[in-house]
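> Below is the sequence, then the predicted model.
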Amino acid sequence: MREVIIIGSGPAGYTAAIYAARAQLNPLLIASSVEPGGELMKTTEVENYPGFPEGLMGPDLMANFQAQAERFGTEILFDDVVEVDLKGDNKVVKTGAGETFEAKSVIISTGAAYRELGLPKEKELSGHGVSWCATCDGFFFRDKVIAVVGGGDSAMEEANFLTKFASKVYIIHRRDSLKASKIMQQRSFDNPKIEFIWNSAVAELKGDAKLEGVVLEDTQTGEKTDLALEGLFIAIGNDPRVDLVENQVELTPDRFIKVDGRTSKTSLPGVFASGDVIDPTYRQAITAAGSGCVAALDAEHYLSSLQGE
């Protein structure tokens, strides 16, 4: 029986592991066989993580996280969790390789995936003109013509933020009205750098080494037009990875794991959650890491309370 198992290997999972290992809890971190390291493995330059004034590549930052977790004794397993039973005192975690582990506590740091457009070249051009995070990448688009895809609050927020850098920002939306709140709509309508392209969907990405433009398709007539761009920000939502636990822990209406206030405590005793799987708003490496720290401390307090019983 283990003290704690951590599911997920982004900044939240690895930070939880660093804290849990230093507290002598001998954590097992199950990192995924396909995508260990989380969303940062897909990014290029990271310039806003404190302590690295020159910036560093996303995969290098995650390698540092992993090395630090291992230095303090974290056991890392590169496999996928396929089933969990979290309701009893003993939490059961099963992996794709057929192994079964038991622990007194579990930290879920499975992250959230940005929704993609599902177009050819989308993955190849990620970090080369295509982005899902204005806060992360806006700085690289100074004086460039770019576009944001989406019609909700996050799309409006990204577009307005990007006008600090870009010379022009198009908002491409597949309908003729927005889902965004009235205040966010008005802010976008009032911004002289923003131009709306209504009833349009991105049908094709152009460019090989970097994005050079998109082909737009009119959602009513099917007519196609070219639009030259140097950047495309996709803001059509994100999906928290909750498939493993959705029938066991309480979720928010947006399907993120619900936690108690600023803690990491879920609806089940001994089950904690951290990182993007609980966060529909900030979604930064630094906030995820902080959240992982909270989860490890909450788990440590929980395990101490068990010893006191």
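Thanks, I have it. Numbering: from 1, shown residues only.

> In contact with D137: list those residues for me.
For D137, the contacting residues are S131, G231, F233, by C-beta atoms under 8 Å, 6 or more residues apart in numbering. The C-beta positions use only the backbone N, C-alpha and C, and glycine is treated the same way.

> Kindly reformat the residues you listed as TSV and extend each row with pLDDT and secondary structure.
Putting the contacts of D137 into TSV (pLDDT from 0 to 100; DSSP: H, G, I helix; E, B strand; the rest coil) gives the following:
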residue	pLDDT	secondary structure
S131	94	strand
G231	98	strand
F233	97	strand
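
> Switch those residues over to CSV; also include distance to A155.
Formatted as CSV, the contacts of D137 follow (distance: C-beta to C-beta, whole Å):
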residue, distance to A155
S131, 13
G231, 14
F233, 8
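
> Rebuild those as a markdown table, extending it with neighbour count and distance to E223.
Shown next, in a markdown table, are the contacts of D137 (neighbours: other C-beta atoms under 10 Å; distance: C-beta to C-beta, whole Å):
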| residue | neighbour count | distance to E223 |
| --- | --- | --- |
| S131 | 27 | 27 |
| G231 | 24 | 24 |
| F233 | 26 | 24 |
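
> of those residues, closest to F65?
Proximity to F65 was ranked across the contacts of D137 by C-beta to C-beta; first place goes to S131, at 21.9 Å.

> which residues touch that closest one?
Residues in contact with S131 (C-beta under 8 Å, 6+ apart) are D137, G231, L232, F233, I234.

> what's the closest non-adjacent residue to the fourth one?
Across the structure, with C-beta to C-beta, 6 or more residues apart in numbering as the measure, the residue nearest F233 apart from its sequence neighbours is V148 (4.6 Å).

> what residues does stretch 291-306 touch?
3-4, 11-20, 23, 25, 104-105, 107, 109, 262-265, 269-270, 272-275, 278-279.

> what's the single longest helix in this protein?
Secondary structure of the chain per DSSP state H: the longest helix is helix 285-308.

> show me where the stretch 1-150 of the chain has strands.
Counting by DSSP state E, counting those that start in this stretch, the stretch 1-150 of the chain has these strands, from start to end: 2-7, 28-30, 45-46, 56-57, 75-77, 81-85, 91-95, 100-108, 112-114, 130-131, 145-149.

> about what we covered before: quick one: buried ones out of the contacts of stretch 291-306?
3-4, 11-20, 23, 25, 104-105, 107, 109, 264-265, 270, 272-275, 278-279 (16 or more other C-beta atoms under 10 Å).

> from these, which ones fall inside helices?
Among the buried ones among the contacts of stretch 291-306, the residues falling in helices (DSSP H) are P11, A12, G13, Y14, T15, A16, A17, I18, Y19, A20.

> any idea which of the strands of the stretch 1-150 of the chain scores lowest on pLDDT?
Here the lowest mean pLDDT among the strands of the stretch 1-150 of the chain goes to strand 45-46, at a mean of 84.

> From the chain's centroid, how far away is it?
From the chain centre to the centre of strand 45-46 is a distance of 15 Å (C-alpha atoms, centre = their mean, to the nearest Å).

> partner strands of that strand, parallel or antiparallel?
Strand 45-46 pairs in its sheet with strand 56-57 (antiparallel), by DSSP bridges.

> Report the beta-bridge partners for the residue nearest to the spatial centre of the chain.
Nearest residue to the geometric centre of the chain (C-alpha atoms, centre = their mean): A112, 4.4 Å. With DSSP bridges as the criterion, A112 is bridged to P240.

> what sits against it?
N238, D239, P240, R241, F256, D276, V277, D279, R283.

> for the nearest residue to the fifth one once chain neighbours are set aside, what are its contacts?
Looking back up the chat, that one is F256. In space, F256 comes closest to P240 once its chain neighbours are excluded; the distance is 4.8 Å by C-beta to C-beta, 6+ apart. With contact set as C-beta under 8 Å, 6+ apart, P240 has these partners: T110, G111, A112, D254, R255, F256, I257, D276, V277, I278, P280.

> If we use 7 Å, what do you get?
A112, R255, F256, D276, V277 (C-beta atoms under 7 Å, 6 or more residues apart in numbering).

> got the contact list for the last one?
Taking C-beta under 7 Å, 6+ apart, we find V277 in contact with I108, S109, T110, G111, A112, P240, R241, V242, F256, I257.

> cool, the fourth one as well?
Remark: with contacts taken as C-beta under 7 Å, 6+ apart, D276 is in contact with G111, A112, P240, R283, A288.

> ok, now with 10 Å
For D276, the contact set (C-beta atoms under 10 Å, 6 or more residues apart in numbering) comprises 8, 10-12, 38-39, 109-114, 238, 240-241, 256, 282-285, 287-288, 291.
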